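>>> mind looking at a prediction? Sequence and model below.
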Amino acid sequence: MLMISQAVGCCLVSAREVNWDALFPLDAGPELIVARFRVAVTLGNTDIAYDCLSPQTRAKMSKTRFQLAIASDYEVEYEGYKIPLRKFICSARLIDIDRGKTKAEVLLEWGRMWVTIFAKKIGKRWYLALYESLRGWQ
């Protein structure tokens, strides 16, 4: 892993110049998939990050929705702290890798968290819209 970190540090001039398949092969196991995902999100390469998601997660969320969420300045409340969504996605606590899990299981676990985040955000928007409309009736 140290060798990969050094290679990433030397090669990451920009997200477009990275040879993703050489640094983070998709068939190398869940640890490298998650590393590929985190680096892609950090660099803002949403195409590569989206490709790391499991088919189940991709079925729940379109690529456009994923890209808009990553680009937004939305903050997530997590354990009492407000964290920017991009940092939250890349946090170690969010993606806890079990060596026995497959790629799909690891990323589906992340997908469930993502769906929860969006449910809360949509619920908050709905509540605020309802509140605004009720205020108008006074």
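Good, I have the coordinates.

>>> where in the chain is pLDDT low?
1-16, 56-57, 72-138 (pLDDT under 70).

>>> contact partners for the residue nearest to Lys63 when sequence neighbours are not counted?
In space, and not counting its chain neighbours, Lys63 is closest to Tyr50: 5.2 Å by Cβ to Cβ, 6 or more residues apart in numbering. Just so you know, the C-beta spots here come from the backbone N, C-alpha and C atoms, and that holds for glycine as well. Applying Cβ atoms under 8 Å, 6 or more residues apart in numbering, we find Tyr50 in contact with Arg58, Lys63, Phe66, Gln67.

>>> and Tyr50, helix, strand or coil?
Assigned with DSSP: H, G, I helix; E, B strand; the rest coil, Tyr50 falls in the helix class.

>>> also Ala28?
coil.

>>> count of residues packed around it?
13 (other Cβ atoms under 10 Å).

>>> dihedrals phi and psi, it?
Dihedral angles of Ala28 (phi, psi; degrees, to the nearest 10) stand at phi -90, psi 0.

>>> how much space separates it from Ala71?
Ala28 sits 28 Å away from Ala71, going by Cβ to Cβ, to the nearest Å.

>>> thank you, goodbye.
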